[in-house]
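*Asks:* have a look at this prediction, sequence included:
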Amino acid sequence: MAKADNGIYRVTEIIGTSKTSWEDAAKKAVQTAAKSLHDLRIAEVSKLDMKVEAGKVVAYRARISLSFKYAP
């Protein structure tokens, strides 16, 4: 029988950027957050946008809602 997952979780919003793609922006955001936040659980993309300069896309941005478990 599986153990019940009881605990307290926090959701925080982060934004990743990339010159390549939204996927790369999202991955970079989670990888960077994982360096200081532990026990990450769910990363949900809540918004995608692009930075535009002189009529050209110069960066992709991914807004991520990231949940992690508080330590007991």
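*Replies:* Thanks, I have it.

*Asks:* surely residue 71 touches residue 39?
*Replies:* Yes - with contacts counted by C-beta atoms under 8 Å, residue 71 reaches residue 39, the gap being 7.4 Å. (Glycine included, C-beta is placed from N, CA and C.)

*Asks:* these two: which has the busier surroundings?
*Replies:* Just comparing residue 71 and residue 39: by other C-beta atoms under 10 Å the higher neighbour count belongs to residue 39, 12 against 8.

*Asks:* which one is that one nearest to, not counting chain neighbours?
*Replies:* residue 69 (4.3 Å; C-beta to C-beta, 6 or more residues apart in numbering).

*Asks:* could you report the pLDDT at the one you found?
*Replies:* Looking at residue 69, its pLDDT reads 86.

*Asks:* in this protein, which residue is most central in space?
*Replies:* residue 64 (3.7 Å; C-alpha atoms, centre = their mean).

*Asks:* phi, psi of that one?
*Replies:* Dihedral angles of residue 64 (phi, psi; degrees, to the nearest 10) stand at phi -120, psi 130.
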